[in-house]
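S.K.: predicted coordinates and the sequence they were generated for:
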Amino acid sequence: MNAQVMTMAPALRMSGVSKTYGTGAGTVHALRDVSIELRRGTFTAVMGPSGSGKSTFLHCAAGLDRPSGGQVLLGDVELSGMTESQLTVLRRERIGFIFQAYNLLSTLTVEQNITLPLRLAGKRVDRGMLTQVVRAVGLDERLNRLPSELSGGQQQRVAIARALVTKPDAVFADEPTGALDTRTARQVLELLRHVVTGMGQTVLMVTHDPVAASYADSVVFLADGQFAGELRRPTPEMIAERMTHLGDRRTA
Ligand SMILES: Nc1ncnc2c1ncn2[C@@H]1O[C@H](COP(=O)(O)OP(=O)(O)OP(=O)(O)O)[C@@H](O)[C@H]1O
């Protein structure tokens, strides 16, 4: 990492974030006092049992949902206090999203899908950036195809290219390999690893899969809406072991 990157604000900073749903006796505390800082050029996985708050965490971090308390900063921009339309622009221009269901538009070509965020933002397509992104994901030969003419893994590569094309502050991935077979999933995870190591992007990925999480620099664990530890440079076995204990704690 060069000196300039080190002096920049973290890609994401969350301080004391909480999220409650409902009121009175039916209140659900989906997140409790969650704080995290994602340095630029890092790959972080979020794991936890079902209902532990992973999606809520991702949605609050990405401006898709508003926390009930605490602060979320994307780069140097604070999300609380932004209007819905400001958040929409922020998500479009400064955040990349990758979902399990690739969410490609079936009538648009690969190139049109990839450049859609730029066109929605009324921005010129930077051919140099497009070429770099398309090469990184290995789709140079398929720019004029329609999504239906691609395999699942290739469609997810289009979604990854689309997430990168605006040079976002952070890329948020929600179970990005959930719909893929093991071999294709590995290829997509290697690509995400390259996006971080080779291109300097910042990636936050929610996953249930210890193997997927092991591609990250660090794994943070959620249990009952709270952070319950972190593993740096973990193996799938270390992650699976920690997940077992989280399960124990929840049911204890
Ligand atoms: N819109 C909502 N209204 C009420 N409760 C909600 C809502 N969204 C989430 N919750 C509750 O908040 C808690 C955390 O949910 P969340 O979806 O963030 O968990 P998760 O870890 O992503 O789960 P999973 O792995 O099953 O997707 C759960 O108890 C859930 O039932």
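M.R.: Yep, it's here. Residues are numbered from 1 along each chain as shown.

S.K.: can we go C-alpha only for contacts and neighbour counts from here?
M.R.: Noted.

S.K.: residue 145 is in contact with residue 107, isn't it?
M.R.: No: Residue 145 is beyond contact range of residue 107, at 10.1 Å (criterion: C-alpha atoms under 8 Å).

S.K.: who's more crowded, these two?
M.R.: Per other C-alpha atoms under 10 Å, whichever of residue 145 and residue 107 has more neighbours is residue 145, with 15 against 11.

S.K.: would you say that one is within a helix?
M.R.: No: using DSSP: H, G, I helix; E, B strand; the rest coil, the assignment for residue 145 is coil, not a helix.

S.K.: and the nearest residue in space to residue 115 that is not next to it in sequence, which of the three is it?
M.R.: Nearest non-adjacent residue to residue 115, counting by C-alpha to C-alpha, 6 or more residues apart in numbering: residue 162, 6.4 Å away. Under three-state DSSP, residue 162 falls in the helix class.

S.K.: give me the number of residues near residue 162?
M.R.: Applying other C-alpha under 10 Å, we find 27 other residues in the vicinity of residue 162.

S.K.: pLDDT score for residue 30?
M.R.: pLDDT recorded at residue 30 is 96.

S.K.: just how off-centre is the strand or helix carrying it within its chain?
M.R.: Using DSSP states H and E, residue 30 maps to strand 28-38. For strand 28-38, the separation from the chain centroid amounts to 16 Å (computed by C-alpha atoms, centre = their mean, to the nearest Å).

S.K.: which phi and psi does residue 217 have?
M.R.: Backbone torsions for residue 217, taken as degrees, to the nearest 10, come to phi -70, psi -40.

S.K.: tell me if I'm right that it and residue 40 touch.
M.R.: No: assessed by C-alpha under 8 Å, residue 217 is found out of contact with residue 40, at 12.0 Å.

S.K.: quick one, which of these two is more surrounded?
M.R.: Neighbour comparison, residue 217 and residue 40: the larger count goes to residue 40, with 22 against 18 (by other C-alpha under 10 Å).

S.K.: so the more buried one touches residue 199, yeah?
M.R.: No: at 10.9 Å, residue 40 does not count as touching residue 199 under the criterion of C-alpha under 8 Å.

S.K.: one step back: list the buried ones in the strand holding residue 30?
M.R.: Judged by neighbour count using 16 or more other C-alpha atoms under 10 Å, the buried positions of strand 28-38 are 29-32, 34-35, 38.

S.K.: got the residue ranges for the strands in the chain?
M.R.: All strands of the chain, identified by DSSP state E, fall at 12-21, 28-38, 43-47, 69-74, 77-78, 95-99, 170-174, 203-206, 218-223, 226-232.

S.K.: ok, residues contacting the second one?
M.R.: Counting by C-alpha atoms under 8 Å, 6 or more residues apart in numbering, strand 28-38 makes contact with 10-22, 44, 51-53, 56-57, 70, 202, 224-227, all of which sit outside it.

S.K.: then the fourth one?
M.R.: By C-alpha under 8 Å, 6+ apart, the surrounding residues in contact with strand 69-74 are 10-19, 33, 60-61, 78-80, 169.
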